[in-house]
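*Asks:* missing the sequence, but the structure's below:
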């Protein structure tokens, strides 16, 4: 299978993975929002399929990610664990709408792969059901963003078309999200065991919570700027 090379496909995702977001940002027109109906991918921003459609989508995604944070915190508390504090983030504010949407695409696809990677070692059926529910919503976000950038809806974070979701390893998730994490604010390490147990479910949820905090912060900062 050949890699995609069109704007917003695998090439943009590779730039994100290697920290080269500046290359994508430099090619975009600063200040273009998600409210118009004429922007085209690679020419001032991603296309708006219907008037104000992208704005509504990103505002909904913002709400979903905030709800995911609350849900994961609740799951950890129900297991009598301690939810991690919100990490301190860096590089969240994006320079223009194309950079914002491109990073959104990478974050959502990373979230899907992270939940898929953790699922086989989740001990509790309740936790597995909750994680699957969140992961499926993340996948809907990712599919929308993949298509927005002229990709296949099932493309992975690496820009490869999938029939079955590619699980991400702990190291892959940390490498993908790490550039945005300044420090963990005293929270537990970003890892969990491959041996299922009740305590390991808490570690898995705290791992997921760091990603959910990142996504929520990302949208809270950028949606008011680009989707007003």
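*Replies:* Cool, the structure landed. Just so we're clear, the structure is a prediction, and the values are computed from it rather than from any experiment.

*Asks:* so which bits of the helix ranked longest in the chain are buried?
*Replies:* Identified as the longest helix of the chain according to DSSP state H is helix 198-226. Going by neighbour count (16 or more other Cβ atoms under 10 Å), the buried part of helix 198-226 is 200-219, 222-223, 226. For glycine as for every other residue, the C-beta is placed from the backbone atoms N, C-alpha and C.

*Asks:* just to check, residue 206 is in contact with residue 86?
*Replies:* No: assessed by Cβ atoms under 8 Å, residue 206 is found out of contact with residue 86, at 11.7 Å.

*Asks:* coming back round to it: tell me which other helices or strands the longest helix of the chain touches.
*Replies:* helix 53-78, strand 88-89, helix 97-118, helix 125-148, helix 170-177 (3 or more Cβ pairs under 8 Å, 6 or more residues apart in numbering; DSSP states H and E).

*Asks:* could you redo the last one with a cut-off of 6 Å?
*Replies:* helix 53-78, helix 97-118 (3 or more Cβ pairs under 6 Å, 6 or more residues apart in numbering; DSSP states H and E).

*Asks:* just those: most buried one?
*Replies:* helix 97-118 (a mean of 25; mean count of other Cβ atoms under 10 Å).

*Asks:* state the mean pLDDT of that one.
*Replies:* Taken as a whole, helix 97-118 has an average pLDDT of 95.

*Asks:* report the inter-axis angle for it versus helix 53-78.
*Replies:* If you take axes from the mean of the first three to the mean of the last three Cα atoms, to 10 degrees, helix 97-118 sits at 30 degrees to helix 53-78.

*Asks:* pipe the helices and strands packed on helix 198-226 into JSON lines and attach distance to residue 133 per row.
*Replies:* Converted to JSON lines, those look like this (distance: least, Cβ to Cβ, whole Å):
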{"stretch": "helix 53-78", "distance to residue 133": "8"}
{"stretch": "helix 97-118", "distance to residue 133": "10"}
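
*Asks:* so which of those helices gets nearest residue 167?
*Replies:* Nearest to residue 167, of all the helices and strands packed on helix 198-226, is helix 97-118, at 3.8 Å by Cβ to Cβ.

*Asks:* how far off centre is the closest one?
*Replies:* The gap between where helix 97-118 is centred and where its chain is centred comes out at 3 Å by Cα atoms, centre = their mean, to the nearest Å.

*Asks:* tell me the angle it makes with helix 170-177.
*Replies:* Using the same axes, to 10 degrees: helix 97-118 against helix 170-177 is 170 degrees.

*Asks:* name the helices or strands packed onto helix 97-118?
*Replies:* Looks like helix 97-118 contacts helix 10-17, helix 21-26, helix 125-148, helix 198-226 (3+ Cβ pairs under 6 Å, 6+ apart).

*Asks:* if we use 8 Å, what do you get?
*Replies:* Against helix 97-118 (3+ Cβ pairs under 8 Å, 6+ apart) you get helix 10-17, helix 21-26, helix 53-78, helix 125-148, helix 170-177, helix 198-226.

*Asks:* tell me the angle it makes with helix 125-148.
*Replies:* Using the same axes, to 10 degrees: helix 97-118 against helix 125-148 is 150 degrees.

*Asks:* output the lowest mean pLDDT helix or strand found in this structure.
*Replies:* helix 21-26 (a mean of 32; mean pLDDT, DSSP states H and E).

*Asks:* for the residue nearest to residue 219 when sequence neighbours are not counted, give me its contacts.
*Replies:* Among residues not flanking residue 219 along the chain, residue 62 sits closest, at 3.8 Å (Cβ to Cβ, 6 or more residues apart in numbering). By Cβ atoms under 8 Å, 6 or more residues apart in numbering, residue 62 lies in contact with 216, 219, 220, 223.
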